[in-house]
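S.K.: sequence and predicted structure below; questions after.
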Amino acid sequence: MKIIVLVKQVPDTWGDRTLDLRTGWLDRVSSDCVIDEINERALEVALSYQDSNDAEVVALTMGPDSAKDMLRKALAMGADSAIHLLDGGLAGADLLRTSEVIAAAATKAGFDLIIAGNESTDGRGGTLPSLIAGRLGVAQATYLDSVVITTDAVSGHRATENGSMTVHAQLPAVVSVTEQSAEPRFPNFKGIMRAKKKPVTVWSLADLGLEATSASAHSVITQTSPRPARVAGTKIVDHGNAGVELAEFLAAGRLI
């Protein structure tokens, strides 16, 4: 079985994240960039299956040249190889363009199962796995809290507002996992050393047979402004009428 795991380089969630007010895009230079934690969980699902089954695990990312460092961590965790979609024409690509490119790469590489996180911590679109499944014409099972993989199918539990459901699909398929899924393993020294010898394939748009421009290539940001400075909140001191003041404050904010 060949499993492709989608991984993404994102600004560290423990650091400050800001917008580039000139482009309107997230400023990825001013903070440390790491592999998205939800992608580590997706990778763990694949590696856990590989631990006891015959499977090839490929980490795939679309991003700038610096993303190669993040791919090395995926390889150190246990992925067999990596694919880096690298092309200047992909800067600022929106979800439609991203799904187009990743679907083309998955088709070129071949796959039985694609595993992704439910949403990235920078964009939080939450629709990329479904878009990819739609372009590939395969089944999808998204937002899974747990995943069970067999030789010809995948299943898992999905939480809903009214409870939970068990979903399943025949392979090939695309699934996405939530933060309730597998806890990711840490790379050990042997894994880090092996990662240096594992292959990383770099593909451009031309390699995928795609045009450098596309009608769905980019989102258009018309205006940006810095976040306003935080102001002090309303402070209520009890002089015997604090209850009334609190009720009036909540009523003014239409909270009661």
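M.R.: All right, it came through fine.

S.K.: list the buried ones in stretch 129-147?
M.R.: 129-133, 135-136, 138-144, 146-147 (16 or more other CB atoms under 10 Å). In this view, the C-beta of every residue, glycine as well, is placed from N, C-alpha and C.

S.K.: widest-spaced pair of these?
M.R.: Maximum pairwise distance in these, criterion CB to CB, is 26.2 Å, between 135 and 146.

S.K.: so which of the buried residues of stretch 129-147 sit within helices?
M.R.: 129, 130, 131, 132, 133, 135, 136 (DSSP state H).

S.K.: same list, those residues, but as a markdown table with pLDDT please.
M.R.: Listed next are those as a markdown table, based on pLDDT from 0 to 100:
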| residue | pLDDT |
| --- | --- |
| 129 | 96 |
| 130 | 96 |
| 131 | 96 |
| 132 | 97 |
| 133 | 97 |
| 135 | 97 |
| 136 | 98 |
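
S.K.: closest to residue 107 among those residues?
M.R.: residue 136 (6.9 Å).

S.K.: quick one on the thing from earlier: residue 180: which of the buried residues of stretch 129-147 is nearest?
M.R.: Checking the buried residues of stretch 129-147 against residue 180 with CB to CB, the nearest one is residue 146 at 7.3 Å.

S.K.: which residues are in contact with the closest one?
M.R.: Residues near residue 146 by CB atoms under 8 Å, 6 or more residues apart in numbering: 156, 157, 180, 181.

S.K.: who does it bridge with?
M.R.: Judged by DSSP bridges, the bridge partners of residue 146 are residue 157.

S.K.: this protein: strands as residue ranges?
M.R.: Secondary structure of the chain by DSSP state E: the strands cover 2-6, 9-11, 33-35, 56-62, 81-85, 113-117, 139-149, 153-160, 163-170, 173-177, 200-203.

S.K.: low pLDDT regions in the protein?
M.R.: For the chain, applying pLDDT under 70 flags the ranges 13-19, 21, 23-31, 213-220.

S.K.: in it, which residue is closest to the centre?
M.R.: Centroid-nearest residue in the chain: residue 120, 3.6 Å away (criterion: CA atoms, centre = their mean).

S.K.: relative to residue 136, how far out is it?
M.R.: As judged by CB to CB, to the nearest Å, residue 120 and residue 136 stand 20 Å apart.

S.K.: same thing with residue 4?
M.R.: 11 Å.

S.K.: go on, residue 41?
M.R.: 22 Å.

S.K.: and of the contacts of residue 146, the nearest to residue 168?
M.R.: Nearest to residue 168 among these is residue 156, at 7.8 Å by CB to CB.

S.K.: quick one: residue 4 from residue 255, how far?
M.R.: For residue 4, the distance to residue 255 - CB to CB - is 47 Å.

S.K.: which one's more surrounded, the two?
M.R.: The residue with more neighbours, out of residue 4 and residue 255, is residue 4; 26 against 7, by other CB atoms under 10 Å.

S.K.: and that one, bridged to which residues?
M.R.: residue 58, residue 114.
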